[in-house]
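1. what's the 3D shape of this:
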Amino acid sequence: MRLKAMLRNERGKRSVRKMRAKGLIPAVVYGPETEPLSINLNKSEVEKLLAKASEALPVGLEIKYDDRSEEMEVFIKKVQVDKVTDEIVHIDFYKPAKGHTMKINVPIRVFGKAIGVEKGGILEIVHNELPVETLPSALIDHIEIDVTHLELGQSVHVKDLRLPSGMKALLHPEEALVTIVVPRGLLVEEAPEAVEVQEAAEPEVIKKGKKEEEED
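-> The predicted structure is shown next:
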């Protein structure tokens with residue numbers, strides 16, 4: 001994904017309002033080896049990008065200066081939205097450095113029809129994203145979770161994931177990501193069966209005790 005930008009020299013709320021009136025969105029680029037850069041983006045291009053992009057997808061940013069242009073790979077770190085109009089008002093981009101880790105949220109994609117769902121359970125996705133600390137070279141655009149094998153009451157936990165070398169999950173290993181919830185009504189239906197089995201087993205124990213007493 002690519003995005004064109006222009007270096008922004010003007011500061012202050014008045015200049016920002018003028019830019020937005022022209023269909024521009026202010027943004028900033030920063031990173032461990034990058035001095036903060038203030039830039040302007042085309043609003044329509046940004047909206048198209050955000051409709052497809054996620055925090056884990058790199059963006060090819062082309063910044064135009066007065067006499068030259070510079071290309072760099074960045075990641076969307078923060079998108080500020082107006083609370084009233086829902087319009088994008090500012091974007092933060094992060095430029096990673098080689099050998100430096102970064103914290104980012106990787107989307108989770110769930111696929112397959114769980115055995116537990118076929119038995120009446122409900123698939124509950126607890127987390128749509130996984131916060132990770134990762135090297136840029138280890139970053140993936142999404143994490144896939146196959147739920148086909150999940151029975152009633154079973155879950156996929158953070159510890160069950162196979163993450164690339166250089167990536168570490170920032171959630172507890174026992175944290176559930178996806179689970180098959182057992183509806184209350186389903187539990188009520190299964191309960192009588194367990195009671196009947198228990199009641200049928202008790203007389204056998206009693207008879208055995210009487211037989212032993214007779215032999216004595």
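2. Name the residue closest to the centre of this protein, please.
-> Glu129 (0.8 Å; Cα atoms, centre = their mean).
3. Dihedrals phi and psi, it?
-> Main-chain torsions, Glu129, degrees, to the nearest 10: phi -140, psi 150.
4. Double-check it against Asn105; I have them as touching.
-> Yes. Applying Cβ atoms under 8 Å as the test, Glu129 and Asn105 come out as touching, 4.1 Å apart. Using the backbone N, CA and C atoms, a C-beta is placed for each residue, glycine as well.
5. hey, what's in contact with both of these two?
-> Glu55 (Cβ atoms under 8 Å, 6 or more residues apart in numbering).
6. if you go through the chain in chain order, where are the helices?
-> 13-21, 43-52, 115-118, 184-215 (DSSP state H).
7. Now the last one: average pLDDT?
-> Within the predicted structure, the mean pLDDT of helix 184-215 is 47.
8. Spatially, what comes nearest to Asp66 if we skip its sequence neighbours?
-> Leaving aside its chain neighbours, Asp66 sits nearest to Leu7 (7.8 Å; criterion: Cβ to Cβ, 6 or more residues apart in numbering).
9. Pretty sure the one you found sits against Ser38.
-> Yes. The criterion here is Cβ under 8 Å, and Leu7 meets it with Ser38 at 7.4 Å.
10. Could you check how many residues crowd around Val178?
-> Look at Val178: counted by other Cβ atoms under 10 Å, it has 21 neighbours.
11. Could you list the low-confidence segments of this protein?
-> 11-12, 187-216 (pLDDT under 70).
12. same thing but 50
-> Applying pLDDT under 50 to the chain flags the ranges 188-215.
13. returning to that earlier point: quick one: the residue nearest to Asp66 and Thr148, what's the gap?
-> Distance of Leu7 to Thr148, computed by Cβ to Cβ, to the nearest Å: 51 Å.
14. Same question for Leu49.
-> The gap separating Leu49 from Thr148 is 34 Å, by Cβ to Cβ.
15. of the two, who's got more company?
-> Regarding Leu49 and Thr148, a neighbour count based on other Cβ under 10 Å identifies Leu49 as having more, with 18 against 10.
16. For the more buried one, give me its contacts.
-> By Cβ under 8 Å, 6+ apart, the contact set of Leu49 is Met1, Leu3, Val59.
17. Ramachandran angles for His149?
-> Dihedral angles of His149 (phi, psi; degrees, to the nearest 10) stand at phi -80, psi -10.
18. Ignoring the adjacent residues along the chain, who's closest to it?
-> Nearest non-adjacent residue to His149, counting by Cβ to Cβ, 6+ apart: Ile115, 6.7 Å away.
19. Could you double-check that that neighbour lies in contact with Asp146?
-> No. Shown here, Ile115 and Asp146 do not form a contact pair, counting by Cβ under 8 Å, at 11.9 Å.
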